[in-house]
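Trainee: This is the structure alone, sequence omitted:
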């Protein structure tokens, strides 16, 4: 195989410039040169190519100085939103959320639709996603043919590089090339990843993690997930399936987890774990949806009902232990607690955070900040869209020719 150093350097420079424009645009050419270390001449040449390809555009500089108002108008560069349309989908326990964004990441449309069953055959689920996606596109007068790529977040153990799902609570079978199945069914490039990784991307792109190099996102919904950003990059592990916080062990031969193992953190903290404990202690005489049962359990705990208080207190102790372990291993600048359960406070009550801080290595510096981000599934879907945008940019870098 022949290597082309000049071509590799040009691709590297295109990547740096597009990434910097995406991160900070609108931005001047001279600032791009200083921030990326690329020469001004190369910046001028490469941005001319990107303009010709329709990936970026020039915009008048806002609030020019008096010196800049004389002579030739100064312009900045930014991504051209109309260059691409991408979709991001979040597969939840009983629903699918869709975010449609342009090349700049601006939200153009959204939709949430129910899933009849929480666990599905892979191809059946892919077809359901296609129907929901088409409905969302129809809402903005577009079709699937207008899409450049689709990002999808699913809970479970996922190798994002291969689009391979080792296990997911949303799928009947294990060890599936689900990304390939989705690409074949939906007819567009699909970028598949663990949903919590995509929350971390969303936090990094437009959330609490902007401008922070080292942070951890912990999500609590029907399960427990984690996304890790180190040195500004999402960390997935050697096999592409790292950061499984919910399946770290907190009790030897303990409670059964839905992954099939015992003693996982999730088996003490997730909704299904709390409801299982409640059902063992006091069977529900009147069957109700899980969400109503959880709300009733937490309300009973707040009111001091002994059984409910014991269940919720144990979940808090297990969660604080898990958070302390994260801090002792990674020493992040920030921990973000996110997800549907953050609408409630039983896992981030002051006593839970205080217990975490008392269990970490003590030095003469403050512990990591813990922030709560109460966002819904749409933001998870936007994280999936951000993942797809990254794939579109990589394709544009590789092509290096007019679109």
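Mentor: Sure, I can see it. As the structure is a prediction and not an experimental result, all values here were calculated from the model. Residues are numbered from 1 along each chain as shown.

Trainee: Next, count neighbours for residue 77.
Mentor: Neighbour count of residue 77, defined by other CB atoms under 10 Å: 23. Backbone N, C-alpha and C define where each C-beta goes, glycine included.

Trainee: Could you give the bridge partners of it?
Mentor: residue 27, residue 58 (DSSP bridges).

Trainee: the helices in the stretch 151-300 of the chain, which residues?
Mentor: Using DSSP state H, counting those that start in this stretch, the helices of the stretch 151-300 of the chain run over 178-186, 195-206, 266-269, 271-281, 290-302.

Trainee: The ones you listed: which one's closest to residue 105?
Mentor: helix 195-206 (6.8 Å; CB to CB).

Trainee: And the closest one, what does it pack against?
Mentor: Contacts defined by 3 or more CB pairs under 8 Å, 6 or more residues apart in numbering; DSSP states H and E place helix 195-206 against strand 85-91, strand 149-154, strand 215-220, strand 224-230, strand 233-235, strand 334-338, helix 377-399.

Trainee: and the helices of the stretch 151-300 of the chain as TSV, adding mean pLDDT, distance to residue 254 and mean neighbour count?
Mentor: Converted to TSV, the helices of the stretch 151-300 of the chain look like this (pLDDT from 0 to 100; distance: least, CB to CB, whole Å; neighbours: other CB atoms under 10 Å):
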stretch	mean pLDDT	distance to residue 254	mean neighbour count
helix 178-186	97	30	20
helix 195-206	87	22	27
helix 266-269	90	7	26
helix 271-281	86	11	17
helix 290-302	85	20	16
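
Trainee: Let me have the ones you listed in CSV, extended by distance to residue 75.
Mentor: Formatted as CSV, these follow (distance: least, CB to CB, whole Å):
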stretch, distance to residue 75
helix 178-186, 38
helix 195-206, 25
helix 266-269, 51
helix 271-281, 52
helix 290-302, 51
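
Trainee: other SSEs contacting the longest helix that the chain contains?
Mentor: When the chain is scanned for its longest helix (criterion: DSSP state H), the result is helix 306-330. In terms of contacts (3+ CB pairs under 8 Å, 6+ apart), helix 306-330 is packed against strand 215-220, strand 224-230, helix 266-269, helix 271-281, helix 290-302, strand 334-338, helix 350-358.

Trainee: Let me have those in a markdown table, extended by distance to residue 80.
Mentor: A markdown table is the format used below for the helices and strands packed on helix 306-330 (distance: least, CB to CB, whole Å):
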| stretch | distance to residue 80 |
| --- | --- |
| strand 215-220 | 30 |
| strand 224-230 | 27 |
| helix 266-269 | 43 |
| helix 271-281 | 43 |
| helix 290-302 | 42 |
| strand 334-338 | 31 |
| helix 350-358 | 44 |
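
Trainee: was I right about residue 325 contacting residue 248?
Mentor: Yes. With contacts counted by CB atoms under 8 Å, residue 325 reaches residue 248, the gap being 7.1 Å.

Trainee: thinking again about what came up before, looking at the helices and strands packed on helix 306-330, which is closest to residue 174?
Mentor: Taking CB to CB, helix 266-269 is the member of those nearest to residue 174, at 17.2 Å.

Trainee: Need the contact partners of that closest one.
Mentor: Helix 266-269 has contacts (CB atoms under 8 Å, 6 or more residues apart in numbering) with 220, 223-224, 246-247, 250-251, 254-259, 273, 314-315, 318-319, 322, 347.

Trainee: change it to 7 Å
Mentor: 220, 223-224, 246-247, 250, 254-257, 273, 314-315, 318-319, 347 (CB atoms under 7 Å, 6 or more residues apart in numbering).
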